[in-house]
Each structure stands twice: as C-alpha cells, then as structure tokens.
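> When you get a sec, could you give me coordinates for this:
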Amino acid sequence: MNYLAQKLSLNNEVFIVDYPEAEFPEGWDIADKFPENWDLERFTSLFDTAKHYVKENKRQEAAVQTAPDKGSDKSKRLIPDIIPYDGQVNGIEIVDELVGIIKRHVILPDNEALAIAYWILQGYNIKEFTFAPRLLIISPEKRCGKSTLLQLLKVLCYKSYPIGNCTPAVLYRIIEKYHPTVLIDEADSFFNTQSEMRNIINSGFQDQFGVARSGGKNYEDIVDYDVFAMTAIASINNLPDTIMDRGIKISMVRKLDSEKVESFRERVMQSKFEVLKRKCRKLMLDIGHQAGENIIYHIPGLSDRDCDVWEGIISIAQIIGDEERTLKAAKELTAKASKDNESIKTLLLKNIIHIFKEYNFEDISSADLVNKLCLLEDAPWNEISRGKPLTAHKLSWFLKEFKIYTFQKNCNGRNSNHYSYDIFVDTFERYIPDELEKVKKAAEAEAPWETQQVANFNGFK
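Residues are numbered from 1 along each chain as shown. The predicted model follows:
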C-alpha cells in the first residue's frame, strides 16, 4: 500500500512511502500539517528511512528496465528492504506470534516451531552474527509439508530468495548481490551430484569464509564472493553429513486425517505479515549487536559444533528473557538429530566397542570382528559393499582414518591380524564418549572385579 506524504519545512519534497496505513493518524494520507504528537524530528526520521528505501527500489527498477529483454521479466527480482517498526516491541510476543503462524499451517512439535521462529528472527540482522545455521527441512517422503513451510518462510523471512534449482555460480552471485535469506527446495534432486554447491552451502555457515573465483580481464584477477547467509534447505531424506552438521533439522511428517491445519496461500497472506516483519526488523536492529557479541562456549549436552549452530538463537533468547525453553528445544533437537544423522563411521565405532565388551576388552582377530559386525541385525555391515558383506580389508580402510591398525599375533602356531582394545581407547573417548561411558557402566555392573582387572591392563579409564 503506497501513500503520498509531504515533508514540510524541507523543500516540500513529496515521497511515495511503503508504510502501513495503521501507523499513520486516522484518516491521514497526504500531510498538509503535522498531526498532534508528531514533531519534526520524528517525521524527519521516518522520511530519512523511507528515502533510502525508495532510492534502493528505484535503483533496482532501473536495472530491470535497462536490462536487455530476454522474453521475460521474471528473471529480475526486487528484494526491498524492510522499514523497522516505529515503536516499542516485545521479543517474546514476536516469537510467540511466529510460532503460532507456523503451527497454524504446518504440523510440527513445539520445539521445532520455536527453533524456526528464532531462526527467522536471526536472519533479520545476520551480519551481526558469526554463524548462520542452516535450517534443514527433511522428510522421509513427499507430501509432508516441506513446500508449505518454505512458502511460509518466504513471506516471513528477511529478504527471502526462493530457489527451486540453480548452478553454484548463480547461488554465490545471488548471495553476494542481495545478501538474502536463501530458501532452497528439492535439494535431493541436485545436491548429491553437485559437490561445488555443497561447498558453497558449507562455506556460508561462517562469516569468515567465502568463495574465490577467477575474474576480470582475461580472468587474471581473483574475485572473492561473500556467501554468508541464512539458508533453509528442503529435501527428501538427509543431506550430506557436512551440511547436516551445520544445521537445525526439522523433521517433517505427513499429516493424519485427524490433524487439521489451515491452507496457506501466499498471495492472500503476504500483506498480513508486514507489521510483524517490521517488528522483527526493529527488534533485531535493537539487540542484534549485543546478541552477536555473545559467545556460547559450552552448554551441557551440546558439542562445540552444536554450540556454533545454536549460538545466535540462544543469544537472542537470553536477551529477550526466553532462555529456558530455547535451551530445552536446542538440547532436544540436537539429541534427536545426532541419533538420526549418525555417520557410518560413528556407527562402526559404537558397534565395535560393544563387541569388545563381549570379548572382555581382550584382543580380537580381524576375521572375528568382521563376522561379529555382519551378524548384527540392525546394522548395515552385511550389505555395506554394494550389497555384499563387510570384509577385513574394508574394515581396515574405515579404521585407518582413525589411525587404528592391526598387529600380528600368533594363535595356535599361526599368525593372524588382530585388533587391540587399547588402540581404540583414544578414538572412543574423542568420537563416542557417551557410548564409551555407557559400556563402562554396563561392564562394571555385570562383573566389577573382572572389569577393574581388564581396565588396569588395557587402559580402560
């Protein structure tokens, strides 16, 4: 909605201002005098903001008009900035309103809706933060509400830029030019074949990294592209581990007939959220710098990488007085994602430590370890190599990245490859400390005196 407003005492300039009617005095469209309680300073501040907004829109419109016509204007997008709300805002009320909107249109548990609300907020002043967590919208099948959630994000996020598919070159140019909130749909259709795309998404997680390309005349110059941006990615099934490790996983499910949500139509709903978006912008301009200066060093139950992912969200929650439920959501979602996204190597280590427990933490031959792994019912080892079982060679290939190797041991006059428990201890402590502690407690409960003897001998601390 555009309204003509005149700024008196300043050369009688007239501007077109994108400013909701509710913020103007009742019945006032064209200002021929200052309303009561509107002094010159307040009016000037409003128009200084509006002038920048209008100038940027005109620049983008001129770029569209002067660009060569290639048959469609849809290739040019205008991403206007958002004028901050002129008044006081309440952070918790904004978060609750965002949560209510999300849950009204999508089936989600409270903790996931809360995480999305804070993720949206962080995007309204992302330049103040060190990390931009990826919002990973994952479902096991189609028709689980991923696209609906992306449509919601499109109208709720700051400078949203939805992408159905694109090349890596297009993606880093979009981020460099607009610094938008990137919304990527159907990622499963092209992410697995585009390693460069994954690299850009991973680099954009932290503000210290960008993308370098050859440019200039004869491609002799180095051009650095800033790819730091809030990014939401929708996919059927999990994305690559490096992306999952940098994001907040939202697990979408197909709704039951008994579960009711309101249909969402962007063209109908978009204008209803304008005041809310201006409040989000106002809040994050007020607290963004303070939140960005906060560093989350350690939270019980979260790894260092998890703290990086949640740092901005938790910092915002601390400032507005909503830390308790946000921390609870962070721990719940992180624990669930860790279980869902467990890598094949982590699973291997967990299975091996339980097999060592069966052998009382004594040496085990490579052949016996492989056989034990292949007999596990809920593990992939019996068909890990293109449908064929795990081999001793494949096992050694997995373990050598942890610097774990076999040694020769003579058994019944014959040398064979064996693994010693003590060479695994450091790796267990670094990569699966929780599972190690669980196995230790179980072993001590079963035979405390025998376990202590083995611990003393093999460094089982």
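> what about this structure, any weak spots by pLDDT?
The model of the chain has pLDDT under 70 over residues 1-78, 192, 341, 447-461.
> The spatially most central residue of it - nearest residue in space that isn't next to it in sequence?
By CA atoms, centre = their mean, the chain has its centre lying nearest to residue 134, at 1.8 Å. Closest residue to residue 134 apart from its sequence neighbours, by CB to CB, 6 or more residues apart in numbering: residue 247 at 3.4 Å. Just so you know, the C-beta spots here come from the backbone N, C-alpha and C atoms, and that holds for glycine as well.
> if we can go back for a sec, touching, the residue nearest to the centre of the chain and residue 205? I think so.
Yes. Residue 134 is within contact range of residue 205, at 6.7 Å (criterion: CB atoms under 8 Å).
> Find the residues that touch each one of these two.
Residues touching both residue 134 and residue 205 (CB atoms under 8 Å, 6 or more residues apart in numbering): residue 246.
> From residue 127, how far off is the residue nearest to the centre of the chain?
When distance is defined by CB to CB, to the nearest Å, residue 134 is 17 Å away from residue 127.
> how about the residue lying farthest from the centre of the chain, what does it touch?
The outermost residue of the chain relative to its centre, with distances by CA atoms, centre = their mean, is residue 413 at 56.5 Å. Under the criterion of CB under 8 Å, 6+ apart, residue 413 has no neighbours.
> just use 183 as the starting number from now, easier for me
In the new count, where the first residue is 183, that last one comes out as residue 595.
> how about it, phi and psi?
When read as degrees, to the nearest 10, the backbone of residue 595 gives phi 80, psi 10.
> ok, now residue 295?
With angles defined as degrees, to the nearest 10, residue 295 sits at phi -60, psi -40.
> could you list every residue that touches it?
Residue 295 sits in contact with 281, 284, 285, 288, where contact means CB under 8 Å, 6+ apart.
> any idea how far it lies from residue 314?
For residue 295, the distance to residue 314 - CB to CB - is 20 Å.
> Distance of residue 610 relative to residue 427?
When CB to CB is the yardstick, residue 610 and residue 427 sit 20 Å from each other.
> Repeat that for residue 564.
Using CB to CB, we find residue 564 at a distance of 27 Å from residue 427.
> Who has more neighbours out of these two?
The neighbour comparison of residue 564 against residue 427 (other CB atoms under 10 Å) goes to residue 427, with 20 against 15.
> Name the helix or strand for the nearest residue to the more buried one once chain neighbours are set aside, please.
Of all residues not flanking residue 427 in the chain, residue 487 sits nearest, at 5.9 Å (CB to CB, 6+ apart). Counting by DSSP states H and E, the element that carries residue 487 is helix 486-502.
> try residue 421
Assigned by DSSP H and E, residue 421 belongs to no helix or strand.
> Quick one: residues contacting it.
Counting by CB under 8 Å, 6+ apart, residue 421 touches 318, 320, 369, 370, 373, 415.
> State the number of residues packed around the third one.
Residue neighbour count, defined by other CB under 10 Å, stands at 28 for residue 369.
> Over to the second one?
Number of residues near residue 320 (other CB under 10 Å) recorded here: 24.
> For it, list the residues it contacts.
Residue 320 sits next to 416, 417, 418, 419, 420, 421, 431, 432, 433, 434 when contact means CB under 8 Å, 6+ apart.
> which ones among these are found in helices?
Under the assignment DSSP state H, the contacts of residue 320 contribute nothing to helices.
> which one of those sits closest to residue 276?
For the contacts of residue 320, the closest approach to residue 276 (CB to CB) belongs to residue 432, at 19.8 Å.
> Assess the claim that the closest one and residue 317 are in contact.
Yes. At 6.5 Å, residue 432 and residue 317 qualify as touching, with contact defined as CB under 8 Å.
> hey, what's in contact with both of those two?
Contact criterion CB under 8 Å, 6+ apart; residues shared by residue 432 and residue 317: residue 298.
> Okay, the residue nearest to residue 273 when sequence neighbours are not counted and residue 470: tell me how far apart.
Take residue 273 and drop its neighbours on the chain: the residue closest to it by CB to CB, 6+ apart is residue 502, 3.0 Å away. Distance, residue 502 to residue 470, by CB to CB: 12 Å.
> go on, residue 304?
Going from residue 304 to residue 470 by CB to CB gives 9 Å.
> Next: residue 530.
Distance from residue 530 to residue 470, counting by CB to CB: 43 Å.
> same thing with residue 606?
In terms of CB to CB, residue 606 sits 46 Å off from residue 470.
> Pick out whichever of the two has more residues nearby.
residue 470 (23 against 20).
> Hmm, residue 310 and the more buried one touching each other?
Yes. Between residue 470 and residue 310 there is a contact under CB under 8 Å: 4.1 Å.
> burial count for residue 308?
Residue 308: 22 surrounding residues under other CB under 10 Å.
> Same check on residue 333?
Residue 333, neighbours per other CB under 10 Å, totals 21.
> which element is it on?
With elements taken from DSSP H and E, the one containing residue 333 is helix 328-338.
> Need the contact partners of the following helix or strand past that helix.
Later in the chain than helix 328-338, the nearest helix or strand by DSSP H and E is strand 342-345. Applying CB under 8 Å, 6+ apart, the external contacts of strand 342-345 come out as 259, 261, 332, 335-336, 353, 356, 360, 362-367.
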